[in-house]
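Student: what's the 3D shape of this:
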Amino acid sequence: MSRTNLPMAQGGDGPQENPPARALQSLADAPPISPRRRRTSGPRWRKRLALLLILAAAGTAAAWYGRPLWEKARQFTGDQNAAAPADVQTYTVKRGPLRIAIIEQGKLRAVKSYPVILGTNGKITFLVEAGAKVKKGDLVASLDKKQFEDHKAMLQTDLETQKAALAVAEQAVPIAQSNGEAAVAAANTKAEEAGLALKQYQAIDVPKKLGEFENQLNEARNKLADAQKKKTDAQAQLDEKLLDEGDEKKAAEQQIDLQKQSIASMQKVLATLENERKLFRAYNYPQDLKSRQQALKNSQLEVNKAEVNAGSEVLQKQAEVKKAQTLMEHYASEIRQVDEDIAKCSAFAPADGLVFYGSEQMMRYGDEYNDRIRVGSEWYSDGPIMTIPDLSAFQVAVPIAEVYRGRVTPGMHAAVTVEAVPGLALNGTLASLASVARGRISWDNSSPQVFDATIDLSAVDPRMVQGMTVRVEITTAELANVLLVPMESVFNEAGNPAVFRWIESGGKGHAEKWPVLTGQSNDHFVEIKKGLGEGDKLLLSRPASFVTPQNYRELAEAVAPPPEPPPASVPAAPRTPASASGPAPAPASAPAAVPAAVPATMK
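Tutor: Below is the predicted model of the structure:
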């Protein structure tokens, strides 16, 4: 690139006149105003003085700014033969290599890092300063333990209460077993007594009762037979002494009457005993037997009831023991969990190294995430509160913009420069490229999409630190021996690229707009495929005036890229049969013809 001082070019009409300067000169050459009779009032004189001062200022301004304003006016009026500026930056077109690269900003990331995780939530009470050197086992972060310690004290109180309840429940079990055994034994005794009473009634009481009835009946029968015999004897005596009158006869008659009464009485007694025996056999005996059998059944049910109650009481007491044991285990487990939470409130360095807050993934949240990691703030994350990277090996984490995703593939070369270390440049290789996009700003859904990539570095510098910002330049293509021009020399003219060539002739020069066909480019240079040749001089800024060739449209068509063929999936247009009036017209979408040869003026 060169900076060339070019001579001024004049138009076909010679030097241009400055109208504002001419007006000022006419004002100066005008005859002076004739003096008039002075009046006592001063306002008119002051107005004339002010007018003269204004005219003088206008003339000075016209003399100072006249020429630039006049040139600007000529530019807007379309005078394309005007002279170029006195100081013009140009570039001489030449061939050379062109490296096409994608430039992104990334972060240094240790290949191996040791996360420091607080396994619970709480208020941060201690933090090692970011960037501090620590040894393995050093305390690096802690949370407030008071809430856990208070909870543990409450759990220990509940545990002691359940221990006492367990002791009482364990003592109640043998008592319940003894009470149940006693109740069952008493019920068995009553059942045995009922069984014996039934047996005694059937084997002893009933036969005895029947025997008593039989004895009483036999005794009544004997008495009846004796009375009947006595009556018979008395009747026989009376018959023998029938003729005799006197006391003996009366005594015999009395004896007969007495025996009749005795016989009648014994007959009643005998009938009564017979009825009582029938009543006993028919009613009393079945009722008493049934009552004693039912008493035996009831006593057996009482035995079963006592056994069930005894077992239920024992099971209830054993359940209370089990409940107390379960609660004790629950409280003991909660105490162990609280102890673990208390232990999780303290984080220790897993390895020697430097401390960095957060993790690589959380760094995407920026300062909003880092503000959470400070003493006094609440910690609610399960992720690392800090990271201790291994500084012996680094990678570069870089987001690739969605527009560049199809241009890069793993294995491409990358040049890495560390912004914090001037002069440090490293070589790397694109190691991995994500297949799923994410937002460049994680919390903004409208953020541009990027693909996370990883760059493996070929070397490590001791000045490199985790999280440093780096500039990554990934080479996507390298072109050899192509025409190169600066990006500043190519302009968009009606949607097509064009340049402004500097044409020198006879010690004079002018700018000429010229169409070109561009190829690939990087941040500084662009490839020119058609329209220029080596040695052409180009302006690096848009000139105030320039010349446009009369055949500019033909030149632009000559360098235009060929039309793309229609895709294979698009069906061909149906053929229109020729009519009688002539051939079918061409489709409206047919591309315009491209000139067969490039004009001689094109290089």
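Student: quick check: residue 252 touching residue 237?
Tutor: Yes. Between residue 252 and residue 237 there is a contact under C-beta atoms under 8 Å: 4.9 Å. Just so you know, the C-beta spots here come from the backbone N, C-alpha and C atoms, and that holds for glycine as well.
Student: higher neighbour count, the two?
Tutor: Counted by other C-beta atoms under 10 Å, residue 252 and residue 237 do not tie: residue 252 has more neighbours, with 21 against 16.
Student: which non-adjacent residue is nearest the more buried one?
Tutor: Nearest residue to residue 252 in three dimensions, chain neighbours excluded: residue 238, at 3.9 Å (C-beta to C-beta, 6 or more residues apart in numbering).
Student: how near is that neighbour to residue 284?
Tutor: According to C-beta to C-beta, to the nearest Å, residue 238 and residue 284 sit 46 Å apart.
Student: more neighbours: the two, which one.
Tutor: Neighbour tally, residue 238 and residue 284, criterion other C-beta under 10 Å: the higher count belongs to residue 238, 18 against 13.
Student: who does the helix or strand the more buried one falls within touch, helix- and strand-wise?
Tutor: Using DSSP states H and E, residue 238 falls within helix 206-240. Here helix 206-240 touches helix 247-279, helix 285-344, going by 3 or more C-beta pairs under 8 Å, 6 or more residues apart in numbering; DSSP states H and E.
Student: so which bits of it are buried?
Tutor: 206, 209, 213, 216-217, 220, 223-224, 227-228, 230-231, 234, 237-238 (16 or more other C-beta atoms under 10 Å).
Student: one more: stretch 514-521?
Tutor: Buried, per 16+ other C-beta under 10 Å, within stretch 514-521: 514-519.
Student: again, but for stretch 426-437
Tutor: 426, 428, 430, 433, 437.
Student: strands along the stretch 351-500 of the chain, start to end?
Tutor: Ranges of strands within the stretch 351-500 of the chain are 353-354, 356-357, 378-379, 386-389, 394-401, 413-418, 425-433, 438-439, 449-457, 469-486, 491-493, 496-505, based on DSSP state E, counting those that start in this stretch.
Student: quick one: closest of those to residue 534.
Tutor: The closest of those to residue 534 is strand 469-486. By C-beta to C-beta, the value is 7.0 Å.
Student: the closest one pairs with which strands?
Tutor: Sheet pairing of strand 469-486 (DSSP bridges) gives strand 94-110 (antiparallel), strand 413-418 (antiparallel), strand 525-530 (antiparallel).
Student: quick one: it to strand 449-457, angle?
Tutor: 100 degrees (axes from the mean of the first three to the mean of the last three C-alpha atoms, to 10 degrees).
Student: where does pLDDT dip in the stretch 151-300 of the chain?
Tutor: 241-246 (pLDDT under 70).
Student: what of the chain?
Tutor: For the chain, applying pLDDT under 70 flags the ranges 1-52, 55-56, 58-87, 241-246, 360-371, 567-603.
Student: show me the domain layout of it.
Tutor: Listed by automatic domain parsing, the domain ranges of the chain are 2-28+45-76, 99-136+350-479, 147-344.
Student: buried ones in the helix or strand hosting residue 510?
Tutor: Element membership of residue 510, judged by DSSP H and E, is strand 508-515. Using 16+ other C-beta under 10 Å as the burial criterion, the residues of strand 508-515 that qualify are 509-515.
Student: can you pull the contacts of residue 238?
Tutor: For residue 238, the contact set (C-beta atoms under 8 Å, 6 or more residues apart in numbering) comprises 249, 252-253, 256.
Student: out of those, which are buried?
Tutor: Buried, going by 16+ other C-beta under 10 Å: 252, 256, out of the contacts of residue 238.
Student: can you tell me who the closest residue to residue 389 other than its chain neighbours pairs with across the strands?
Tutor: Spatial nearest neighbour of residue 389, excluding adjacent residues (C-beta to C-beta, 6+ apart): residue 110 at 3.2 Å. For residue 110, the beta-bridge partners are residue 394 (DSSP bridges).
Student: check contacts around residue 110.
Tutor: 389-391, 393-395, 466.
Student: now residue 319: how far from residue 160?
Tutor: Applying C-beta to C-beta, the value for residue 319 to residue 160 is 21 Å.
Student: any buried residues in stretch 121-140, and which?
Tutor: For stretch 121-140, the neighbour count (16+ other C-beta under 10 Å) marks 122, 124, 127-128, 134, 140 as buried.
Student: tell me the gap between that stretch and the middle of its chain.
Tutor: 27 Å (C-alpha atoms, centre = their mean, to the nearest Å).
Student: residues in contact with that stretch?
Tutor: Taking C-beta under 8 Å, 6+ apart as the rule, stretch 121-140 contacts 116, 141-145, 147, 345-357, 373-380, 386, 388.
Student: from the residues you listed, keep the buried residues only.
Tutor: For the contacts of stretch 121-140, buried by 16+ other C-beta under 10 Å: 116, 141-145, 147, 345, 347, 349-350, 353-357, 373, 379, 386, 388.
Student: what about residue 554, which helix or strand?
Tutor: helix 552-559.
Student: no no, residue 182
Tutor: helix 146-200.
Student: what's the answer for residue 125, then?
Tutor: Going by DSSP H and E, residue 125 is part of strand 122-127.
Student: what's near enough to touch the closest residue to residue 555 other than its chain neighbours?
Tutor: Closest residue in space to residue 555, ignoring its immediate chain neighbours: residue 515 at 5.1 Å, by C-beta to C-beta, 6+ apart. Neighbouring residues of residue 515 by C-beta under 8 Å, 6+ apart: 493, 496-498, 531, 552, 555-556, 559.
Student: of these, which pair is most distant in space?
Tutor: Greatest spatial distance in the contacts of residue 515: 497 and 552, 13.2 Å, computed using C-beta to C-beta.
Student: partner residues bridging the residue nearest to residue 555?
Tutor: Residues in beta-bridge contact with residue 515 (DSSP bridges): residue 498.
Student: make 13 the first number, not 1, from now on.
Tutor: Yes, from this point I'll number from 13; that puts the last item at residue 527.
Student: after the helix or strand encompassing residue 69, heading C-terminal, what element do we hit next?
Tutor: Element membership for residue 69, per DSSP H and E: helix 55-88. Next along the chain after helix 55-88, taking DSSP H and E as the criterion, comes strand 99-104.
Student: that next one - contacts with which helices or strands?
Tutor: strand 14-17, strand 549-551.
Student: hey, C-alpha coordinates of it in PDB?
Tutor: Taking C-alpha atoms only, strand 99-104 is exported to PDB below (Å, rounded to 0.1, in the frame of the first residue of the first chain):
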ATOM      1  CA  ASP A  99      -3.600  13.800  -1.100                       C
ATOM      2  CA  VAL A 100      -5.000  10.300  -2.200                       C
ATOM      3  CA  GLN A 101      -4.300   6.900  -0.700                       C
ATOM      4  CA  THR A 102      -3.900   4.200  -3.400                       C
ATOM      5  CA  TYR A 103      -3.100   0.500  -3.500                       C
ATOM      6  CA  THR A 104      -1.300  -1.300  -6.300                       C
END
